[in-house]
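In: I need the structure of the sequence given here:
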Amino acid sequence: MENVMVVCRNCKVEKGVSEMKKDPRCKNGVQKICRDCENNRKKKNYELKKMFVNWKKDLEIEKQKVENEEIEQKKAMKREYDKRYREMKLQKKKNEVPC
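Out: Purely as a prediction, here's the structure:
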């Protein structure tokens, strides 16, 4: 079995069985993709997944920033409203005629 040559489905290079990954489900007991191609595929997927996770984290951070800005705007509006309300009450108090 060691002398058997198999063509990699990905790189189309004929390689020995020892250069292929074992897989008992396959007819000849090895996968149709060589170890090098399989490792490259896994590295690429790992990097894509890592990029996606980082992108998702960045998106959450941006979302949180926007929410915090909206909260700060609402707080500022509330402070302004409270200030005007207090001024109005003081103005009414000054305008009242004592009995």
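
In: Check the spacing between residue 63 and residue 70 real quick.
Out: Distance of residue 63 to residue 70, given as CB to CB, to the nearest Å: 11 Å. Just so you know, the C-beta spots here come from the backbone N, C-alpha and C atoms, and that holds for glycine as well.

In: Number of residues surrounding residue 10?
Out: Residue 10: 14 surrounding residues under other CB atoms under 10 Å.

In: Low-confidence ranges, the protein, go.
Out: The chain contains residues with pLDDT under 70 at 1-2, 97-99.

In: same thing but at 90, please
Out: Along the chain, segments meeting pLDDT under 90 span 1-6, 16-24, 26-32, 89-99.

In: what's the residue closest to the geometric middle of it?
Out: Centroid check for the chain by CA atoms, centre = their mean gives residue 56 as the closest residue, at 2.1 Å.

In: Could you say which helix or strand holds that residue?
Out: Secondary structure assignment for residue 56, by DSSP states H and E: helix 35-95.

In: What of residue 25?
Out: Applying DSSP H and E, one finds residue 25 in no helix or strand.

In: any idea how far it is from residue 19?
Out: Distance from residue 25 to residue 19, by CB to CB: 19 Å.

In: who has more neighbours, the two?
Out: Shown here are residue 25 and residue 19; by other CB under 10 Å, residue 19 has more neighbours (15 against 6).
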